[in-house]
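Q: generate a structure from the sequence data that follows.
(2 chains)
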Amino acid sequence: MSEPVKKVFTKGNEAIAMAAINAGCHYYFGYPITPQNEIPEYMAAQLPKVGGEFLQAESEIASINMLLGAAATGVRVMTSSSGPGISLMQEGFSYFAGNELPAVVVNMSRQGPGLGGINATQGDYFQSVKGGGHGDYKLIVLAPHTGQELYDLTIKAFELAEKYRMLTLVLGDAILGQIKEPIVPWVPEKTAGDPDRDWLITGARGRAPRKITSLFLADGEMEKHNWHLQEKYARLEQNDVMVEERECADAQLVVVAFGSVARIVKSAIDEARAAGMKVGLLRPITLYPFPGRRLEALGRQCRNFLVAEMNTGQMVEDVKLSLPGDCRVEFYGRPGGSVPTPEDLFEVISETYEKMV
Amino acid sequence: MKQVFKRPESMTDKPFHFCPGCHHGIVHRLVAEALDHFTLREKTIGVASVGCSVFLYDYFAVDVIEAPHGRAAAVATGTKRVLRDRIVFTYQGDGDLAAIGTAEVIHAANRGDNITVIFVNNSIYGMTGGQMAPTTLLGQRSTTSPYGRDNQRDGYPIKMTEMLAALEGPSLVARVAVNTPGNVKKARKVIRQAFQMQIEGKGFSFVEVLSSCPTNWGMTPVEANRRIADEMIPYFPLGTLKQRDLVDTF
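A: Predicted structure coming up:
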């Protein structure tokens, strides 16, 4: 007889920390910053109990580099932060890409620019998917929109990081991190990477010494390495795009939104449907790889799109690039400092629908 | 015939790319000798820094991770926290450790992270072509202090060994030089002690090695060695400033 499903009532940040430990992540390095402090606090309390280690670094620069040193040994490792701290980690992100090391970073983003505010925003979209560090690289970027999804995608983040030897960013925001809701924790089958991977730095016992480097000075080596990275990204775009579609089949207007905004949009769409409007939702779950091909296909059956974001227009650029040229795209954005209500979004959807359809 | 001198096992046979008279080759060898002495080659992980010593992985027959500029101590911390039974060392120049990486080394030292840091101080940026370092002496000319380092503008040469010796965390903090055979012998002993501290789990060990850069100093190797004695050692005095007891002495 199977066990009854056990629900846990928990904050989003704690859901992430719980998922990470259940995914076999026993090492965490981080620096305090609001609104994600429940993650390091949970790790500090729980990791010693599983024989793991929590270390509070002197800065986010140090934590991303501690992560790098730990990731090179092949264990599952994670750090978390928010806008200002994630900015400091960009150098490290670039090295992770160049070195091809797997790890998970959580950005519970807060408003900016500058010190900004501690409430929710989606202003870090560009930084996440376009790369904030130097060089021609990508991160895998996952955008959960509920407590359960924070849990599930954290586990997925470790799997993808290992599959592609890439840094995977879980992009949430202050709402998702702070909201408390019931989730069902679970333990994945695989809780560690393969111990036989031929790049692990463990000491050259009975084998040739290995190196982890992103320096390529010999003629042609740098270009070769970069093409190798690009081939990997192409595989990722081919195989691991995740997207949720809701009532798109007959939609005459499709709203595109991610993360907490997508969640608010869901309420607005229900209301719009109840009012007789044929409105659907396309929610990118992977922001990189972006579901561009799916959007392109959808653009052949529905011509009208509305992109809603908690920023002044970032993902909308990728939506426009993906859709067939004759699709019409409207944008609704609110900058850091405000969160739209379902009523706000219902109003925008109604107006857009009237104008476009 | 008995072989009396050979390449340490912890080194590869790749010829050094270092300039004539540069001390990196000597310091590399002393580190490799220490690893050989304790039979550590197969359990050692080196962390390379950015600068002339970035090619650590070409010369050491051990696993090596290359750290971003200044971050070697943080990278080593991450590695050592996972692999506590392995030996982890960083090898960093003065720009890397004493300018851009000051925070990382101070906090690794203060935590007493059980790693060994080899700090090569040649009072200049070597690889980038002779710019002023935090350890550049007062009056010393460099490409970014063409009229000499001026304390009114540039502050004073930073004394990392003295700073770190003030912390509770480190097990061993010492400054050595390799400009004379006598100093090489002393340096060999101290570097060995630094690794022994790590083997015995005593915590963070740090050896600053005063080193030459004839190319960027505009000197011959002999003049450069003399400069270390005449100008560097008087400002950066040699000696062990802090040392915990070791179980096994040799």
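Q: and for A:Val329, the neighbour number?
A: 17 (other Cβ atoms under 10 Å in any protein chain shown). Quick note: C-beta positions are derived from backbone N, CA and C, even for glycine.
Q: how far away is the most centrally placed residue in chain B from chain A?
A: The C-alpha lying nearest the average C-alpha coordinate of chain B belongs to B:Phe119 (Cα atoms, centre = their mean; 2.4 Å). B:Phe119 sits 18 Å away from chain A, going by Cβ to the nearest Cβ, to the nearest Å.
Q: that residue belongs to a strand?
A: Yes. Counting by DSSP: H, G, I helix; E, B strand; the rest coil, B:Phe119 is found in a strand.
Q: so what sits opposite it in the bridge?
A: B:Gln92, B:Glu208 (DSSP bridges).
Q: low pLDDT regions in the chain?
A: Using chain A here. A:1-3 (pLDDT under 70).
Q: you looked at the wrong chain, it should be chain B
A: In chain B, residues with pLDDT under 70: B:248-250.
Q: change it to 50
A: In the predicted model of chain B, residues B:250 satisfy pLDDT under 50.
Q: please enumerate the strands of it.
A: With DSSP state E as the criterion, chain B has strands at B:44-48, B:63-66, B:87-93, B:116-121, B:172-177, B:205-210, B:239-243.
Q: can you pull the buried residues of stretch A:214-228?
A: A:Ser214, A:Leu215, A:His225 (16 or more other Cβ atoms under 10 Å in any protein chain shown).
Q: likewise stretch A:337-349?
A: Within stretch A:337-349, judged by 16+ other Cβ under 10 Å, the buried ones are A:Val339, A:Pro340, A:Pro342, A:Asp344, A:Leu345, A:Phe346, A:Val348, A:Ile349.
Q: could you pull out the strands for the stretch 151-300 of chain A?
A: A:167-173, A:180-183, A:211-212, A:243-246, A:253-256, A:279-284, A:286-288 (DSSP state E, counting those that start in this stretch).
Q: A:Ser322: how many residues sit nearby?
A: The number of residues near A:Ser322, taken as other Cβ under 10 Å, comes to 20.
Q: in space, what's closest to it - neighbours in sequence excluded?
A: Of all residues not flanking A:Ser322 in the chain, A:Gly292 sits nearest, at 3.7 Å (Cβ to Cβ, 6 or more residues apart in numbering or on different chains).
Q: near chain B, which residues of the stretch 51-200 of chain A?
A: A:53, A:55, A:57-59, A:61-63, A:65-73, A:75, A:77, A:91-92, A:95, A:99 (Cβ under 8 Å from any Cβ of the partner chain).
Q: again, only using 6 Å
A: A:53, A:58, A:62, A:65-66, A:68-70, A:72-73, A:75, A:91, A:95 (Cβ under 6 Å from any Cβ of the partner chain).
Q: quick one: which helix or strand includes the residue in the stretch 51-200 of chain A positioned nearest to chain B?
A: Nearest to chain B, among the residues of the stretch 51-200 of chain A, is A:Gly69, at 2.9 Å (Cβ to the nearest Cβ). Assigned by DSSP states H and E, A:Gly69 falls within helix A:60-71.
Q: so what touches that helix?
A: By Cβ atoms under 6 Å, 6 or more residues apart in numbering or on different chains, the list of residues contacting helix A:60-71 from outside reads A:27, A:29-31, A:57, A:77, A:79, A:81, A:85, A:88-89, A:92, A:101, A:103, B:71, B:74-75, B:77-79, B:82, B:104.
Q: out of these, which sit inside helices?
A: A:Gly85, A:Leu88, A:Gly92, B:Ala74, B:Val75, B:Thr77, B:Gly78, B:Thr79, B:Val82, B:Glu104 (DSSP state H).
Q: coming back round to it: of all the residues of the stretch 51-200 of chain A next to chain B, which comes closest to A:Ser260?
A: Taking Cβ to Cβ as the measure, A:Ser260 sits nearest to A:Glu91 out of those, at 28.3 Å.
Q: which ones are touching the closest one?
A: Per Cβ under 6 Å, 6+ apart, neighbours of A:Glu91: A:Gly133, B:Pro68.
Q: now it: how far from A:Met78?
A: Between A:Glu91 and A:Met78 the computed distance is 18 Å (Cβ to Cβ, to the nearest Å).
Q: tell me the angle of the lengthiest helix in chain B relative to strand B:87-93?
A: For chain B, the longest helix by residue count, based on DSSP H, is helix B:181-199. Relative orientation of helix B:181-199 and strand B:87-93, computed by axes from the mean of the first three to the mean of the last three Cα atoms, to 10 degrees: 140 degrees.
Q: B:His23 against B:Ser212, yeah?
A: Yes. With contact defined as Cβ atoms under 6 Å, B:His23 reaches B:Ser212; the gap is 5.0 Å.
Q: between these two, which has more neighbouring residues?
A: Neighbour count, other Cβ under 10 Å: between B:His23 and B:Ser212, B:Ser212 has more, with 29 against 26.
Q: what sits against that one?
A: B:Ser212 neighbours (Cβ under 6 Å, 6+ apart): B:His23, B:Ala224.
Q: please report phi then psi for it.
A: In terms of degrees, to the nearest 10, the main-chain angles of B:Ser212 are phi -100, psi 160.
Q: number of nearby residues for A:Ala272?
A: 23.
Q: same check, this time on the one 3 residues further on
A: A:Ala275 sits with 12 neighbouring residues when counted by other Cβ under 10 Å.
Q: what does A:Lys190 give?
A: 12.
Q: same thing with A:Gly24?
A: A:Gly24, neighbours per other Cβ under 10 Å, totals 18.
Q: skipping adjacent residues, who's closest to it in space?
A: A:Gly24's closest residue in space is A:Thr191 (Cβ to Cβ, 6+ apart), at 3.1 Å.
Q: which residues does the residue of the stretch 251-357 of chain A at minimum distance from chain B bridge with?
A: Going by Cβ to the nearest Cβ, chain B is nearest to A:Tyr288 of the stretch 251-357 of chain A, at 22.4 Å. For A:Tyr288, the beta-bridge partners are A:Val141 (DSSP bridges).
Q: fine, thanks again, bye for now.
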